[in-house]
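Q: predicted structure and sequence below. I'll ask about it afterward.
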Amino acid sequence: MAPPPLRERRLVLSEVEGTGHREIQRLHALHARFRFSEVLICYYRGRKHRVATKKGKQGDSAAKKVVSVSIHDHLSKPLAAFLSSSDFPKRQTQAALASLIGLLANYREEGHQLFPEVFVVQNLSSILKTLPNSESIAIGSGSKTHETLNLALKRCAPLAQWGWSIYILPTEEKFDYGMMRCGLVALSLSASEQLIDEGDKAIPAILIRQISNHTIEVSGPDQDRLRVHFGGAERPGLDPVNETVRFCNSIVTYVPNPLKEQVRTFYWRLFAAVLKGGHGCLAAILAPSKNKVPTQLRDCVLVAPRVDVAARVAELLGAQGRRSEADTRLRAAAALIRGMLLSDGVTLLHSDGSVLAYNVFVKNPKDIEGEPRTLGGARRRAFEALCTWLDKDLCSAYYLSQDGHAEFRGSKKWLRK
């Protein structure tokens, strides 16, 4: 096959003798070192200089085939299977869910990553009647296209905080969208807990949200959950959500029974927020027999007095005339503890649900020859060091990497079944 015709680019060099002459010499030097796929015609002082023809392999300059891969293609079968047991219109809902999954994978506004919960609903008034102390705000509407969903997120995602979620309401001709919320205090059940975890299929709703770094979950009431991973290869075996739930259960092992469920909910919401953020963290639970920070963990920032979450929960549950004040105190504790979890080092809690210290730094375990036992980054090695003290000073340890891998290890001695 004959090579493709050479293209010409024309360049008029400077009339200044020195500059033009040096430029032509430079181009000839390039021609001597490389093979070119186009002819460069230089005009210098009225003379035509045919300078360089870069030829590489025959046919290199021919148009190359571009292969396009869409996430919609990969999601079509899993979404179809997910929707097979729901009452939503299959084709239109499947396209909307695929668009929302792609948009939420790493959603940012003004450089800040946002983690909105998005509900696709069929009957907004029925949803609001189901949620106690609920309210909604209509934001906009548009044709049933990807662009409308993108605009809905742009307008609503920055507002989806402090209990507010986004709703998408498909009608026959358009998408209506806005904000909704429910509950009065920090311990109130969220919309996702009431509509999905404890929801009824008679009131259809689909929730799309980011649950960990690069992972989007699609869920509905009484349905299997679909998780879409956008990062590297999914790590087999350990579910980051389950590992985090197990650690939250270990935090409340010795919390009094009347408060146990509420304190667990408090910590689960905290750690779920950390899990989404992709920051990574380390946490450990002090054994119930210990009341002071062990010697090997004293490179830390002590919290005095300790943050007693169970006491603040009890205050809120028992408050009558001072409920607003008690709720504020509990929310303030949540903000404080979340900041500790996002700090460097380990956050140290007690098995009664209180926080003792943060910014805890531990030395890496050494074997006999003085070499580190564990490969990996500093956070991973610190986690392995914590695990060597299980059954002695600690009853559990938790590790979360920046890529969303979570791991829990607990003491058989201290943790009750």
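A: Cool, got the structure.
Q: the helices in this protein, which residues?
A: 17-33, 71-83, 90-104, 124-130, 146-156, 191-192, 240-251, 257-277, 309-318, 323-341, 378-387 (DSSP state H).
Q: now render these as TSV, adding distance to residue 286.
A: No exception for glycine: its C-beta is placed from N, CA and C like everyone else's. Listed next are the helices of the chain as TSV, based on distance: least, C-beta to C-beta, whole Å:
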stretch	distance to residue 286
helix 17-33	67
helix 71-83	42
helix 90-104	37
helix 124-130	41
helix 146-156	42
helix 191-192	31
helix 240-251	11
helix 257-277	15
helix 309-318	14
helix 323-341	15
helix 378-387	11
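Q: tell me which of those helices lies nearest to residue 291.
A: helix 309-318 (15.4 Å; C-beta to C-beta).
Q: how about residues contacting the closest one?
A: Helix 309-318 is contacted from outside by 185-187, 255-256, 259, 262-263, 266-267, 323, 326-327, 329-330, 333, 337, 352-355, using C-beta atoms under 8 Å, 6 or more residues apart in numbering.
Q: try stretch 292-305
A: Contacts for stretch 292-305 (C-beta under 8 Å, 6+ apart): 284, 286, 340, 345-346, 348, 355-363, 389, 393.
Q: if you set the cut-off to 6 Å instead, what comes out?
A: If you take C-beta atoms under 6 Å, 6 or more residues apart in numbering as the criterion, stretch 292-305 is touched by 355, 357, 358, 359, 360, 361, 393.
Q: the first one: what's it in contact with?
A: Counting by C-beta under 6 Å, 6+ apart, residue 355 makes contact with 303, 306, 307, 337, 349.
Q: those in strands, which ones?
A: Counting by DSSP state E, the part of the contacts of residue 355 found in strands is 303, 306, 307, 349.
Q: top of the residues you listed by neighbour count?
A: Neighbour counts for the ones in strands among the contacts of residue 355 peak at residue 349, which has 28 neighbours (criterion: other C-beta atoms under 10 Å).
Q: wait, doesn't it sit right on residue 285?
A: Yes - between residue 349 and residue 285 there is a contact under C-beta atoms under 6 Å: 5.3 Å.
Q: what about residue 76, neighbour count?
A: Residue 76 has 14 nearby residues by other C-beta under 10 Å.
Q: so how far is residue 303 from residue 358?
A: 7 Å (C-beta to C-beta, to the nearest Å).
Q: my bad, residue 409
A: Taking C-beta to C-beta, one finds residue 409 at 24 Å from residue 303.
Q: about what we covered before: worst mean pLDDT among the helices of the chain?
A: Lowest mean pLDDT within these: helix 17-33, at a mean of 54.
Q: returning to what we had before: ok, the ones in strands among the contacts of residue 355 vs residue 403, which is closest?
A: Closest to residue 403, out of all of the ones in strands among the contacts of residue 355 and judged by C-beta to C-beta, is residue 349, at 24.2 Å.
Q: one step back: kindly write the ChimeraX command that selects the buried subset of the contacts of helix 309-318.
A: In ChimeraX, a selection of the buried entries from the contacts of helix 309-318 looks like this (16 or more other C-beta atoms under 10 Å):
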select :185,186,187,255,259,262,263,266,267,326,327,329,330,333,337,352,353,354,355
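Q: which residue packs closest to residue 352, ignoring adjacent ones?
A: residue 254 (5.2 Å; C-beta to C-beta, 6 or more residues apart in numbering).
Q: count of residues packed around that neighbour?
A: Neighbours of residue 254 under the rule other C-beta under 10 Å: 18.
Q: quick one, what contacts it?
A: So, once contact is read as C-beta under 6 Å, 6+ apart, residue 254 ends up touching 288, 351, 352.
Q: can you redo the residues you listed as a markdown table with pLDDT?
A: Listed next are the contacts of residue 254 as a markdown table, based on pLDDT from 0 to 100:
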| residue | pLDDT |
| --- | --- |
| 288 | 88 |
| 351 | 89 |
| 352 | 92 |
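Q: residue 173 versus residue 297, what's the distance?
A: The gap separating residue 297 from residue 173 is 62 Å, by C-beta to C-beta.
Q: more crowded one of these two?
A: residue 297 (23 against 8).
Q: circling back to that earlier point, I'd like the contacts of stretch 292-305 as CSV, with pLDDT appended.
A: CSV is the format used below for these (pLDDT from 0 to 100):
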residue, pLDDT
355, 96
357, 96
358, 96
359, 95
360, 95
361, 94
393, 91
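Q: in these, find the pair that's most separated.
A: Farthest pair in the contacts of stretch 292-305, by C-beta to C-beta: 359 and 393, 18.0 Å.
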